[in-house]
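**Student:** Just a sequence and a predicted model for now, questions to come.
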Amino acid sequence: MKNKMFKRILYGGDYNPNQWPEEIWSEDLRIFKQAEINSATVNVFSWAKIQPSEKNYDFSELDKVIDKLSQAKYDIVLATSTAALPAWMSKRYPEVNRTDYEGRQHKFGQRHNACPNSLVYQKYARKMAEKLAERYGQNPQITCWHINNEYGGQCYCENCAKAFRVWLQQKYQTIEALNKAWNLEFWGHTIYEWDEIVLPNALSEGIGKDKTAFSGISIDYCRFNSDSILANFKMERDAIRSIDQTTPITTNLMGTYKTLDYFKWAKEMDIVSWDNYPSYNTPWAQTAMRHDLMRGLKNGQSFMLMEQTPSQQNWQPYNSLKRPGQMRAQSYQAIAHGADTIQFFQLRRSVGACEKFHGAVIEHVGHENTRVFREVAQLGAELNQLGDALIGATSNNKVGILFDWDNYWALEYTSGPNKDLKYVDQILQYYTYFYEKNIAVDMISVDSDFSQYDLLVAPVLYMIKAGLAERLENYVQAGGNFVTTFMSGLVDESDLVYLGGYPGPLKNLAGIWVEEIDALAPEQANKVNFATKEEYECHLLCDLIHIEGAETIANYSTDFYTGTPAITKNSYGEGKVWYVGTQLEKNGLTYLLDQVTQESKIRPIAENAQGLEITKRVIDDQEFTFVLNLSQVEKRVPAIFNGKKNLLTNQFVSKEMVLKSFDVLIII
Ligand SMILES: [Zn+2]
């Protein structure tokens, strides 16, 4: 695909004129024009309208919408509408309705509700994608195809069970291999026939919502379910691609959403897009990390911000307004981390149903004289000014953090040693260090080319899949620096423990042996002592470590393992490996990672710029440095930017310039 997928920053969002009388549409476009809105995503939930019955299709209204937007030269993001079943289909073919984790087959209702293995659903979804491509594929204003919407969830119906057995036969070939992979000798669960396999839900192996008696089958079901839904995406994509060979095809993802293996998905998508809905108390670092993960899905390729709210959400417990300037700042945060589009959900606020209090560009008052609209219009004017300067820009970061959905599933299915261990939380602790130091990071898959990084960080790298340990060894051998932690190197891809001592295949690399793992309850803590006498609290888990070649960086200072190593460093080939055997309090982690970054020769974009978010994008040797003040107070702009130009105002950064809360610079 081309470096520049779009000619301009798409600015707009979900537009549902089908929910409104036609006389309002012209008024909509009049208002949008004042905000320089140039793009609309249409047909996201219109299946029941454009296929009112099994035999009948009716595109008359969609034709009018697309004509109107095309005449106004909008970049149209055309959705395929297959994310909510029409009532006639649910009624006539109950098999299209999902069966939930408790084994209840659902009736008509909600959305994201189709069984991915229903042949009826597949038949009609494919046909719909085909018909849309035939009808609109040649329209030059169709800029992007948006398949389905926020794919997710699981189904546990009989169709899925049958398809799962086929998937397992292809994977394992023999029943013996499957019994071994899932360790079914445990509790005498040995299987002799493929049709003895039942889905791992609340009626079988499930322990509560989140745990399982047999992680092997449950992890495989996550993989199978992700593959099944991905097959739905590919089916619609291929139907469109056979008719329209050039327009990019996407579907909107959801950051660190657990259920789908997005690295696998991204390989099938022309461009990644995602929906950014932080809550009032989501740390800015977490939003930045999600953006970086979305950019990482396709090895650094820029992405679309398919949805964000201009003001508030409706579905969170506390739906705060975005403060003045916040929407603009958040939009630039997305662009700073790789977004080529800024799109809202939605352009006009619904009159009824559960999203009627979800913010929109045009509020219920119906005109443009609102705070929210003024802010949308200001941003629109700025983005219009930026033109295509940033489209397709990438980054050249030197720190990579590993993220892996198999690890996510396996780690969180594991029973013990500590129920509070959460995958994304652990990754975020490390990400936050780099974020706060203004060291830009790539979020990467375990299959990435590691050689472009000076430092790799892999918190809780619990599952080591075939070949990974060797690739990490080669990376460090050649001079790479590697940080890993407790709960790493423990199991293979079937969640079977590597025998011979923890951390299994990472033992040589780390130069240690972990004999036992202690779990600390929330009210408990231990302490670690660095050789420099610095002392910090630690929590959650404590590895009891023996040195096998590594040096000790810090020891525990309480409990029966006082004086034993908590953090180690090993020289391996030309590189170094740090093993962090416990969860350090924030200051302790900062103290450690300051040493790691120094020894790995990692430099921040700007020193001593606490409270500012500073990151870079690069295209054709032109660097764009984003300086964001996401705090509530004014911040001094770092002196290194003195005399440089701010692209947003075309003014030069003056000495001792101050950036107001939520203000932004793009420095060139
Ligand atoms: Zn199903």
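**Tutor:** Cool, the structure landed.
**Student:** Parallel or antiparallel, list what pairs with the longest strand belonging to the chain.
**Tutor:** Here the longest strand in the chain is taken by residue count, with DSSP state E as the criterion, and it is strand 535-547. Note on strand 535-547: by DSSP bridges, its sheet partners are strand 512-519 (antiparallel), strand 526-530 (antiparallel), strand 582-584 (antiparallel).
**Student:** Nearest to residue 293 among those would be which one?
**Tutor:** Proximity to residue 293, assessed across the strands paired with strand 535-547 by C-beta to C-beta, is greatest for strand 582-584 (21.3 Å). In short, each C-beta sits where N, CA and C put it, glycine included.
**Student:** Relative to the whole chain's centre, how far out is that closest one?
**Tutor:** Mean-position distance between strand 582-584 and its chain equals 25 Å (C-alpha atoms, centre = their mean, to the nearest Å).
**Student:** Excluding its own residues, what touches stretch 496-503? List them.
**Tutor:** Outside of stretch 496-503, the residues that reach it under the criterion C-beta atoms under 8 Å, 6 or more residues apart in numbering are 181, 183, 216, 464, 484, 488-492, 504-505, 507, 510, 512-515, 517, 543, 579.
**Student:** What residues sit buried inside that stretch?
**Tutor:** Burial within stretch 496-503, assessed by neighbour count using 16 or more other C-beta atoms under 10 Å, is assigned to 498, 502, 503.
**Student:** check contacts around the residue nearest the centre of the chain.
**Tutor:** When C-alpha atoms, centre = their mean is applied to the chain, the residue found nearest the centroid is residue 255 (2.2 Å). For residue 255, the contact set (C-beta under 8 Å, 6+ apart) comprises 274, 275, 276, 290, 293, 294.
**Student:** Residue 612 too?
**Tutor:** If you count contacts by C-beta under 8 Å, 6+ apart, residue 612 has them with 438, 606, 627, 628, 629, 631, 635, 637, 638, 659.
**Student:** Can you select the buried ones among the residues you listed for me in PyMOL?
**Tutor:** Only the buried members of the contacts of residue 612 end up in this PyMOL selection, burial being decided by 16+ other C-beta under 10 Å:
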select buried, resi 438+606+627+628+629+635+637+638+659
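**Student:** and which of the contacts of residue 612 is nearest the ion?
**Tutor:** The shortest distance between the ion and any of the contacts of residue 612, using C-beta to the ion, involves residue 628 and amounts to 43.9 Å.
**Student:** Quick one: distance of stretch 632-652 to the chain centre.
**Tutor:** Using C-alpha atoms, centre = their mean, the distance from the centre of stretch 632-652 to the centre of the chain it belongs to is 30 Å.
**Student:** Show me what it is in contact with.
**Tutor:** Taking contacts as C-beta under 8 Å, 6+ apart, the residues outside stretch 632-652 that touch it are 382, 385-386, 389, 606-609, 611-612, 614, 624-625, 627, 629, 653-661, 664-668.
**Student:** So which of the residues you listed are in strands?
**Tutor:** Judged by DSSP E, those include 612, 614, 624, 625, 627, 629, 658, 659, 664, 665, 666, 667 as members of strands.
**Student:** per-domain residue ranges of the protein.
**Tutor:** Per the record, the chain has its domains at 10-84+121-153+230-386, 399-599, 612-667, by automatic domain parsing.
**Student:** Quick check: buried residues in the host helix or strand of residue 166?
**Tutor:** Residue 166 belongs to helix 158-172 when assigned by DSSP states H and E. Of the residues in helix 158-172, those buried by neighbour count under the rule 16+ other C-beta under 10 Å are 159, 160, 161, 163, 164, 165, 167, 168, 172.
**Student:** what sits against residue 357?
**Tutor:** Taking C-beta under 8 Å, 6+ apart as the contact definition, residue 357 lies against 312, 314, 319.
**Student:** So the second one sits against residue 353, correct?
**Tutor:** Meaning residue 314. No: taking C-beta atoms under 8 Å as the definition, residue 314 is not a contact partner of residue 353, at 10.0 Å.
**Student:** The two: which has the busier surroundings?
**Tutor:** A side-by-side neighbour count of residue 314 and residue 353, using other C-beta atoms under 10 Å, places residue 314 first with 13 against 7.
**Student:** Spell out which parts of the protein neighbour the ion.
**Tutor:** Taking C-beta under 5 Å from the ion as the contact definition, the chain meets the ion at 115, 117, 155, 157, 159, 160.
**Student:** Can you pull the poorly scored residue ranges out of the protein?
**Tutor:** Scanning the chain for pLDDT under 70 picks out the ranges 1-3.
**Student:** 50 instead, please
**Tutor:** Applying pLDDT under 50 to the chain flags the ranges 1-2.
**Student:** thinking again about what came up before, which of the ones in strands among the contacts of stretch 632-652 sit farthest apart?
**Tutor:** Across the ones in strands among the contacts of stretch 632-652, the longest distance by C-beta to C-beta is 21.4 Å; it joins 624 and 658.
**Student:** When those two are compared, which one has more neighbours?
**Tutor:** More neighbours sit around residue 624 than around the other of residue 624 and residue 658, counting by other C-beta under 10 Å; the figures are 19 against 11.
**Student:** Quick check: that one touching residue 618?
**Tutor:** Yes: using C-beta under 8 Å, residue 624 and residue 618 qualify as a contacting pair, with a distance of 7.3 Å.
**Student:** Phi first, then psi, for the residue in the stretch 501-650 of the chain that the ion sits nearest to.
**Tutor:** With C-beta to the ion, the shortest gap between the stretch 501-650 of the chain and the ion falls at residue 504, namely 35.7 Å. With angles defined as degrees, to the nearest 10, residue 504 sits at phi 50, psi -120.
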